[in-house]
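Asks: Give me a model of this one.
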Amino acid sequence: THRSTQHDKVITSIDWAPNSNHIVTASQDRNAYVSRPAHGAHGLETDHTATYVRWSPHEDKFVVTSSAR
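Replies: Coordinates of the predicted model:
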């Protein structure tokens, strides 16, 4: 089990970009974070629970879905 230092609620999705070694996470705390081991993280806040994240095939962008209707 790993505990995130960025999120303060349950992580709902995680994806890894193997070529760039970046990780993107989504959480019930309404945030998505992009991190690279040993380099820190950058955040994106949404209006609702972030439920799903995935990198694009070229690893230059990612998608975040939320619980918004």
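Asks: from here on, contacts and neighbour counts on C-alpha atoms
Replies: OK.
Asks: Point me to the residue sitting closest to the centre of the protein.
Replies: Centroid-nearest residue in the chain, with Cα atoms, centre = their mean: Thr25, separated by 2.1 Å.
Asks: Show me which positions of stretch 51-60 end up buried.
Replies: 51-55 (16 or more other Cα atoms under 10 Å).
Asks: what's that stretch in contact with?
Replies: 12-17, 19-20, 24-28, 32, 61-67 (Cα atoms under 8 Å, 6 or more residues apart in numbering).
Asks: Ends of it, what's the gap?
Replies: 20 Å (Cα to Cα, to the nearest Å).
Asks: swap in stretch 44-61?
Replies: 13 Å.
Asks: follow-up on the earlier one: please list the members of the buried residues of stretch 51-60 that lie in strands.
Replies: 51-55 (DSSP state E).
Asks: residue ranges with poor pLDDT in this protein?
Replies: For the chain, the stretches with pLDDT under 70 are 1-5, 38, 40-41, 68-69.
Asks: the helices in it, which residues?
Replies: In the chain, no segments count as helices under DSSP state H.
Asks: how close does Asp15 sit to Phe62?
Replies: Counting by Cα to Cα - Asp15 and Phe62 are separated by 9 Å.
Asks: wait, what's in contact with the closest residue to Thr12 other than its chain neighbours?
Replies: Nearest non-adjacent residue to Thr12, counting by Cα to Cα, 6 or more residues apart in numbering: Ser27, 5.0 Å away. For Ser27, the contacting residues are 7, 9-13, 49-51, by Cα under 8 Å, 6+ apart.
Asks: If we use 6 Å, what do you get?
Replies: Counting by Cα atoms under 6 Å, 6 or more residues apart in numbering, Ser27 touches 10-12, 50.
Asks: By neighbours, which of these wins?
Replies: Ala50 (25 neighbours; other Cα atoms under 10 Å).
Asks: Does that residue touch Thr25 like I think?
Replies: No. In terms of Cα atoms under 6 Å, Ala50 does not count as a neighbour of Thr25; the distance is 8.9 Å.
Asks: which phi and psi does the closest residue to Asp29 other than its chain neighbours have?
Replies: Using Cα to Cα, 6+ apart and skipping residues adjacent in sequence, the residue nearest Asp29 is Lys9, 5.2 Å away. The phi/psi pair for Lys9 (degrees, to the nearest 10) reads phi -130, psi -180.
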